[in-house]
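> this one's structure only:
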C-alpha cells in the first residue's frame, strides 16, 4: 500500500503516520452500477443486487507509524452521521484524547462529556 505513494513526492518518506480507509461497499456498489449500465446499454433489464445499508464494515489500515505499530483496525462506518466507530466497542463512539502537559488526567478523561470510552 505504501508503494502507491512512491510517486507522490516525499509523502511516504516524510510522514510520521500514513493511514488508509478501506470500505468494501464502495467497490461493490461501483461494480453493481457498472453491471447495470452495461445491461441497459445492451437493452437488458438488470436488478441491482447491492444493498445500501445504514452501517457497513470498514478498515483503517495503518501503513506506517514512525513511533508505533502498523496494522489494521476494524471499524463500522455509520453513513447517516458520516462517522467511523470502533467495531470492537460494539459500535460505540470513541474519542482519542492526546496527553497535554497542561491538563491533569481527570480533565482529559472528561473532554467531550466523558460518556465515551477514552482510548
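On my side now, so go ahead. Source: prediction; values computed, not measured.

> Specify the local secondary structure of residue 80.
helix (DSSP: H, G, I helix; E, B strand; the rest coil).

> Surely it and residue 56 touch.
No. Between residue 80 and residue 56 there is no contact under CB atoms under 8 Å: 11.6 Å. The way it works is simple: take the backbone N, C-alpha and C, and place the C-beta from them, glycine included.

> More neighbours: which of the two?
Applying other CB atoms under 10 Å to residue 80 and residue 56 shows that residue 56 carries more neighbours, namely 18 against 7.

> check which helix or strand covers that one.
Using DSSP states H and E, residue 56 sits within strand 55-65.

> what sits up against that strand?
1-2, 12, 15-25, 69-79, 84, 87, 91 (CB atoms under 8 Å, 6 or more residues apart in numbering).

> Just the residues you listed: which are in strands?
Among the contacts of strand 55-65, the subset assigned to strands under DSSP state E consists of 17-22, 71-78, 84.

> Now, of those, which are buried?
Of all the ones in strands among the contacts of strand 55-65 considered here, the ones buried according to neighbour count by 16 or more other CB atoms under 10 Å are 18, 75, 76, 77, 78, 84.
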